[in-house]
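In: No sequence on hand, only this structure:
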């Protein structure tokens with residue numbers, strides 16, 4: 001029926017995009033100190049909600065049940081995944097990378113997002129390298145689930161980029177997104 005491979009590719013690409021849009025889900029990496037939620041996470045949650053689809057959060061630490069409860073009360077969160085282990089003490093990227101990769105392998109997220117901080121800048125590029133995708137850093141806007149706005153040249157120019165990677169690894173400039181409100185939601189917490 002189709003005479004050239006390009007016609008087949010032209011048909012399949014939109015179908016794949018529709019499939020991803022229908023099953024889109026985002027994982028927000030929660031930054032905290034085992035006692036209190038870091039506010040950059042609330043900005044990342046706002047960005048994740050702007051993408052659409054299901055928003056899940058990952059809380060990893062040594063005794064972070066209180067943080068997980070606080071995150072579960074943020075409106076728009078579907079599920080909070082909790083990983084408590086002594087190995088996560090100090091939040092070392094070498095210890096957290098396998099956890100994020102296992103979460104991605106199990107749940108097949110389309111986006112992994114964190115607030116731009118020293119913590120996420122150390123962890124997310126490692127995850128992106130393991131997944132063989134390009135990290136997208138310090139976004140200041142979201143046009144759609146594949147198109148992001150970020151600054152370049154020390155903030156002197158603004159760039160719009162479209163990522164065709166199967167998983168988008170994104171850090172969010174916190175000043176560009178409002179902080180999500182705590183206290184309105186009731187997400188499920190899973191250990």
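Out: That came in fine, so what should we check first? Keep in mind it's a predicted model, so treat the numbers as computed, not measured.
In: Any stretches of the chain with poor pLDDT?
Out: Judged by pLDDT under 70, the chain has its weakly predicted residues at 1-22.
In: quick one: the strands in the protein?
Out: Secondary structure of the chain, counting by DSSP state E: strands at 25-29, 54-61, 79-84, 111-115, 135-144, 147-152, 157-162, 168-172, 188-190.
In: Paired strands for the longest one, with orientation please.
Out: Just to be clear, that refers to strand 135-144. Next to strand 135-144 in the sheet, as set by DSSP bridges, lie strand 147-152 (antiparallel), strand 168-172 (parallel).
In: Any buried residues in that strand, and which?
Out: Under the neighbour-count criterion of 16 or more other C-beta atoms under 10 Å, strand 135-144 has 135, 136, 137, 138, 139, 140, 142 buried. The way it works is simple: take the backbone N, C-alpha and C, and place the C-beta from them, glycine included.
In: related to what we said a few turns ago, right, and the strands paired with strand 135-144 - which one's nearest residue 28?
Out: strand 168-172 (9.3 Å; C-beta to C-beta).
In: relative orientation of that closest one and strand 25-29 in degrees?
Out: Relative orientation of strand 168-172 with respect to strand 25-29: 50 degrees, computed using axes from the mean of the first three to the mean of the last three C-alpha atoms, to 10 degrees.
In: Return the distance of strand 168-172 from the chain's centre.
Out: A distance of 6 Å separates the C-alpha centroid of strand 168-172 from that of its chain, computed with C-alpha atoms, centre = their mean, to the nearest Å.
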